[in-house]
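> predicted model follows, preceded by the sequence.
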Amino acid sequence: MMTFHDLIDIWRERNPLSKHFTWSSNVTHGIHCRLDFFLVSRNLANSTSNVRISPGIQSDHSFVHLKFSIHSAKRGPGYWKFNNSLLDDVVFVELITKLISTELSSNNNTNSTIQWELLKFKIRSVSMKYSKDKAKERRLKETDLLSKISDLECQLFQNECPNIRAKLRNAQTELLTFYDYKLKGTIIRSRARWVEEGEKNTSFFNELDHPQLTLDDSSSCDGPLDLEECFSALSSMKNDKAPGSDGLTANFYKKFWHIIGQVVINSLNSGFQEGALTAEQSRGIITVILKPGKDSTLLKNYRPITLLNTDYKIGAKAIAARLKCVIHKIIGPNQTGFMKGKFIGENIRFVLDLIDYASNHNIPGLLFLIDFEKAFDKLEWNFIDYTLSFFSFGNSLREWINVFYKRGNACVCNNGFSTGFFNIQRGVRQGCPLSPYLFILCVEVLALKVISNVNIKGIRVGNNVIKLSQYADDTTFFLDGSRDSFEETLSVLDDFRLASGLAINISKCNIMPLGSFINNLPTCINDLALNVTTGPVTMLGVSFTQNRDDLFRLNYQPKLSRLKKCLRVWSGRDLTPIGRNIIVKTFALSQLVFLFLVLPNPPIGFIKELESIIFDFIWGGSSDKVKRSSMINRLADGGLKVIHINSFINSLKCTWIKRYCNDIHGPWKIFFDLELYKLGKQFLFQCNCNKRDISIPNNFVSQIIKAWCEISFNNPTDNYGNQFLWNNSYIRINNQIVFYKFLYEANVKYVRDLYGENGRPLTFHFFRTKFNLPMFPFTIYTGLINAIPLEWRRDYVQNCNFPNCNEIWLDKVLHSNSTSQCVYSRYLDKVAQIPTASRKWANVFNNLTTEDWNRFYSIPWATVSESKIQYFQFRVLHRIIGTNKLLHTIGKSDSPNCTFCDTHIESIEHLFWECSVTSTFILGVEAMLLNKQFFFSKKDILLGFGVDVAHPYNFLILYMKHFIFQCKLNKCIPVVEDFFYKFKFTISVKKYTQHRYRSKSKVNFMQLKQAFRTCDSLFH
C-alpha cells in the first residue's frame, strides 16, 4: 500500500539508524516495539519538520510528533489575559493580596475611580512578570523531565529492572502535571453587534395605553450599587470566560473579592455620580466569527462579538438583576425572549397551531415574518431613555443606563491585530448583561402600538384576536389579509424605525397566506411587491410550510443526517460504551431535543432507525452484548442509562403540562384551552383516563395528553371513594368517559360526592341541595350513579381515607425541578428490565437479593472515575467479559482453557478466583496492602465487597481484577510488584487531579490510608 500511494515512514526516513520504540509492555518481560508512526506522501516530506518521539503519559504508548509547514497569515500579538491557574498558586495569591493591601493603604485618599484603575495596572504588571518567570521555570523543568524519562526508557530497553521502571513511573507522574497544565483552559467570547447611525422620533410614544411601574417598583431599581448585589452578580458569572481589555477574569475577581470588592463598587458608584465610567471600564474588544454556511468574502456574513471588562459586567449585571425583578410587570404575554418562566418553543407552537387552526376552519389570514436589520446595533440611545421614562422607571435607573453606555468605545481585533479604539454612538452591546432587557423593553413599545391600533386587524381564534408574537427581535404578525390592515402595519413599522432606529430588512421578510388565502391570495397583497411564500420558512430554528405534513421532512430528516455525521466522526475513537453513550447524549441526541419538544412526534420508523443508529454506535458496530431493555436501566439496576427514545420524547412532551398549568399567561395556551375545554382544561391531568379515550383534533396537544395518560392511568384496587368521576375510563356512559361541566364547577368531583355516610347514593333532592344545584334532568344523576363500577359501590366506604394518587402524581410533577426527568423515570419503570445475568450468577451465589444487586451494580460508579474500569466491571457483572470460554464459544479462540494455567476452562470464576496463578497473586496483594490479617472472599472479588459501595477495598479489587485481565490479554503472569507500582501511579494521578482542580474525588484518600498497610510508600 505504501508503494502504491508513494508513502514513507517519515520518522524512519529521518532516523535511518536509530533504535527507538513507541510502546513497551507494562510488565517485566521487556517487550518493546515501534507501533506508532506517521505515513507521509513523499511530495510532502520537505514540508515536514520536528519529527520526533517523546515519552507518553498515562499510556504505554509514546507521543509521535510531526510538524507541517503550511503558509498562513501572520498573527498579531492579541492582548493580555490573566492566567486563571495562578489563582491556585499560593505564592502568587499571597503576593497579590499583599500588593492590594499596600496599594489601598497608600492611595487611601485617592479618588475611587483612579484608585481602582491604578490598582488594576499594578495587578497586571505583577501578574505578567510572575507568569513569565513561572513559564520559564516550567519549561526548564519540563525539558529536564523529558530528558530524564528518555534516559530511563533507554535504560529499560537495555536492562529490564523493577527499580528503573519505578523511577520511570515516578517521572511520568511528575510530567503529567505539565501536560495537564498545557491542556487546561477554554476561551469563550461574549457577543456584540456593529453600530450605525439612526433617526429619532419621540412622537411614537404619544397616546399609547401602557402598563407602568408603581412608585415602589420604580424605587427598587434606583440607587447606588451595594456589596451584596454586586457579589451576587459576580457569583452568577461563569468561570474561564474571556476577559475584556484589562485582561482580568471573573475568576480573579472571585478569588480576591473579599479585599477588592468595596474598591470595585466605589469605582462604579463614583462613575454613577460623575455620569460616566472610565474609558478603560467602558471599552470593548470586538472579534468576528463567520456565520454558519455563509460566504466568507462578505463582511455582512460575520457576527461581531464584544468582550467586556469584568468590573463593567459586574455593575451591568447588578442593574440588570434589578430590571429582571420588575420587567414582567411591563412586558406583555406576546414576548417570550429573556422572560423568566417562558420558553422559545411557545412562539413556535403558537405559530404552528395558528396555521392549523386557520386551515381547519378555513379562516383567511396572513403570517408576516419580519426581520430587523442588525437589530441590537441600530437601537437609538435616546429611544432607550424615552422607553424607560415611558414605563415609569426612575431617574436613577435611567442614569445608570447612561453611565454604562456613555463613553462607550471599542476596537476590532482580528487574527491578533487590533484597530484603534473608536467611540460608539448607538446600539446595545450583545454581551452586556443589560442589553437583552433594554431591547425587549423597546420592542414592547412596538407591540403596544400594534395591539392598540384599531386599523390593524388580527386573526380571531375563539374570543381572542391575535396580532403578533415576539421572541426578542424575532417578530411575527398575524393579519386578517386586508390591504388596509397590512399597509397600516407597514406604516407603524416605519414610524417605529424613525423613533427607534430599528428598520426591517424587506428582502428577508416573508408573507405566508393562511386558511382560505392559501389558494386565493388577494391581489392587493401581490401589488405590494413583498416576498409571498408558501414555505418553507424558518423561525427560531424550525422550518415549516402551510402543510403540517412537511414538518418531519424539513426538520427531523436533516437533523438525523447531521446526527449520523456526528457519530461517524466519533466512531473511530477508542471509547467504551460508557463514553459512547455520553457522546450520544451530548452531541447527537441534543440536536433533536428541541424538535421533540416543539413538533409532533416523528413516525415510529424514524424512532426505530434512531435507536438502531445509537446502539450500533454504542457497541462499536457489533451486535448488542446486553439487551436494550436493560441498557436503558439506571446504573444501580444494571443499566448504562442509555436513552429510551420513545419514553424520552413522551417525557419532553409532558413538560408542556407544567407550562400549561402555571400562572404565566401565554397566547399559546389559547389553543390548549380550545382543545381541553370540554374535558375540564387543567383538571384533565388529575383524571384517571386511558389514552384510548382521548380524541383531540390538534395532533400536538393530543400527543401530550396521551403521553401523560400512558403513565398516569392506573387500575384502582382501593380508595374508590376518592376516585374522580370525570374523565375516568372506569366510569362510562354509552361507552364514553364523562365530564359534566356544570357539576364539576359546583365542586362535584369524587365518587364519594354521590354517596352518604351510610354508603348509599344520595337522593336526587339531597344531592342538589348539598351542592346548591339548579334543576337538571334526573336521568343525568341516575346515569352517573349506575356508571360507578359495582365493586366501587360496594367497597368505597371502607376505601376513601387516602388522597387520590393521580392528584399526588400531578402535584409531584408540577413541583419537580426537572419535569422531564421525573416523568422519564416513571416511563422507565414501565419499559426497563432487570439484566438476565443476575439469574446466571444465581448458579454461583445463592440468596442474592435485589438490594444486593443494586449494591453490586453501583460499586464501579461510586468507586472509580475511569470509564474503562467501570465498563470492565460492567462486563464482569453482565458475564460478557472476554474469557477464553466465551471467546471459544463464539469461535474467536482456539481453546477455552485458562491463559495462565492452561489446565482448566477459563470461566469468569476461574480467571478471577479459582486459577492457582490468580489466587497466588491475590494473596500477595492482600499480604502487601491490607492493614490486618484479612482475606477477600470469592464474592468480594467477583461481585463486590461489603455494604459500603465506596469502600477502599472495592477500589483495590476493581484495579486488581483489571490488572489480572490486562495480564491475560498480554499473555503474561500477574506480578504483585508490577501491580503495586501501577496502583501507586493511579493514586498519584487521582491525588494530583483532585488538588489541581479542587474537584471532589470518588476516592477518600484518608480512608485509603487507613485501609492499606503500606500507606507511606503508596501515597508518596
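Sure, I can see it. Residues are numbered from 1 along each chain as shown.
> and Gly572, what are its phi and psi?
Per-residue torsions, Gly572: phi -80, psi -10 (degrees, to the nearest 10).
> so what's the residue count around it?
Here the count is done by other C-beta atoms under 10 Å, and Gly572 has 8 residues near it. For every residue, glycine as well, the C-beta is placed using N, CA and C.
> next: Asn269.
Asn269 has 19 neighbouring residues, counting by other C-beta under 10 Å.
> residues touching it, list them.
Contact analysis of Asn269 by C-beta atoms under 8 Å, 6 or more residues apart in numbering lists 112, 224-225.
> how does it look with 6 Å?
Residues in contact with Asn269, defined by C-beta atoms under 6 Å, 6 or more residues apart in numbering, are 224-225.
> next one: the one 10 residues further on
The neighbours of Ala279, taking C-beta under 6 Å, 6+ apart as the test, come to nothing; the list is empty.
> ok, it to Thr523 distance?
Distance of Ala279 to Thr523, given as C-beta to C-beta, to the nearest Å: 58 Å.
> try Leu773
Distance, Leu773 to Thr523, using C-beta to C-beta: 57 Å.
> now the nearest residue to Asn690 once chain neighbours are set aside: phi and psi?
With C-beta to C-beta, 6 or more residues apart in numbering as the criterion, Asn690 has its nearest non-adjacent residue at 4.0 Å, and that residue is Ser729. Per-residue torsions, Ser729: phi -70, psi -10 (degrees, to the nearest 10).
> just the one 10 residues further on next, same as before
Backbone dihedrals for Phe739, given as degrees, to the nearest 10, come out at phi -150, psi 110.
> that one and Leu725 touch, don't they?
No - with contact defined as C-beta atoms under 6 Å, Phe739 does not reach Leu725; the gap is 8.7 Å.
> more neighbours: those two, which one.
Between Phe739 and Leu725, Leu725 has the larger neighbour count (other C-beta under 10 Å), namely 23 against 19.
> show me the contacts for that one.
Contacts of Leu725 by C-beta under 6 Å, 6+ apart are Ile731.
> and if we set it to 7 Å?
731, 738, 748-751, 784 (C-beta atoms under 7 Å, 6 or more residues apart in numbering).
> where does the residue located most distally from the centre of the chain land in three-state SS?
Here the chain reaches farthest from its C-alpha mean at His765, the gap being 59.0 Å by C-alpha atoms, centre = their mean. Under DSSP: H, G, I helix; E, B strand; the rest coil, His765 falls in the helix class.
> where along the stretch 251-400 of the chain do the helices fall?
For the stretch 251-400 of the chain, the helices defined by DSSP state H, counting those that start in this stretch cover 310-326, 344-360, 375-378, 381-390, 395-405.
> which among the ones you listed is found nearest to Ile504?
Among these, the nearest to Ile504 by C-beta to C-beta is helix 375-378 (9.7 Å).
> from the chain's centroid, how far away is that closest one?
Relative to the centre of its chain, helix 375-378 is centred 29 Å away, using C-alpha atoms, centre = their mean, to the nearest Å.
> how about it as PDB, C-alpha atoms only?
Only the C-alpha atoms of helix 375-378 are listed here, as PDB (Å, rounded to 0.1, in the frame of the first residue of the first chain):
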ATOM      1  CA  ALA A 375     -31.400  45.000  15.400                       C
ATOM      2  CA  PHE A 376     -29.100  45.300  18.500                       C
ATOM      3  CA  ASP A 377     -26.700  47.600  16.600                       C
ATOM      4  CA  LYS A 378     -29.200  50.300  15.500                       C
END
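> report the separation between the spatially most central residue of the chain and Trp570.
The residue lying closest to the centre of the chain (C-alpha atoms, centre = their mean) is Thr586, at 7.7 Å. Note on Thr586: its distance to Trp570, by C-beta to C-beta, is 10 Å.
> ok, Phe417 next?
For Phe417, the distance to Trp570 - C-beta to C-beta - is 36 Å.
> again with Glu228
46 Å.
> those two - which one has more neighbours?
Trp570 (15 against 9).
> correct me, but that one touches Ile582?
No - distance between Trp570 and Ile582: 10.1 Å, which falls outside the contact criterion (C-beta atoms under 7 Å).
> the longest helix in this structure is where?
Using DSSP state H to define each element, the chain has its longest helix at helix 112-158.
> elements contacting that helix?
Using 3 or more C-beta pairs under 7 Å, 6 or more residues apart in numbering; DSSP states H and E, the elements in contact with helix 112-158 are helix 90-106, helix 162-183, helix 250-274.
> turn those into a markdown table, columns for mean pLDDT and distance to Ile504.
Formatted as a markdown table, the helices and strands packed on helix 112-158 follow (pLDDT from 0 to 100; distance: least, C-beta to C-beta, whole Å):
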| stretch | mean pLDDT | distance to Ile504 |
| --- | --- | --- |
| helix 90-106 | 90 | 51 |
| helix 162-183 | 66 | 47 |
| helix 250-274 | 94 | 36 |
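> identify whichever of these lies nearest to Pro716.
Here helix 250-274 is closest among the helices and strands packed on helix 112-158 (C-beta to C-beta), at 54.5 Å.
> quick check: angle from the closest one to helix 112-158?
If you take axes from the mean of the first three to the mean of the last three C-alpha atoms, to 10 degrees, helix 250-274 sits at 170 degrees to helix 112-158.
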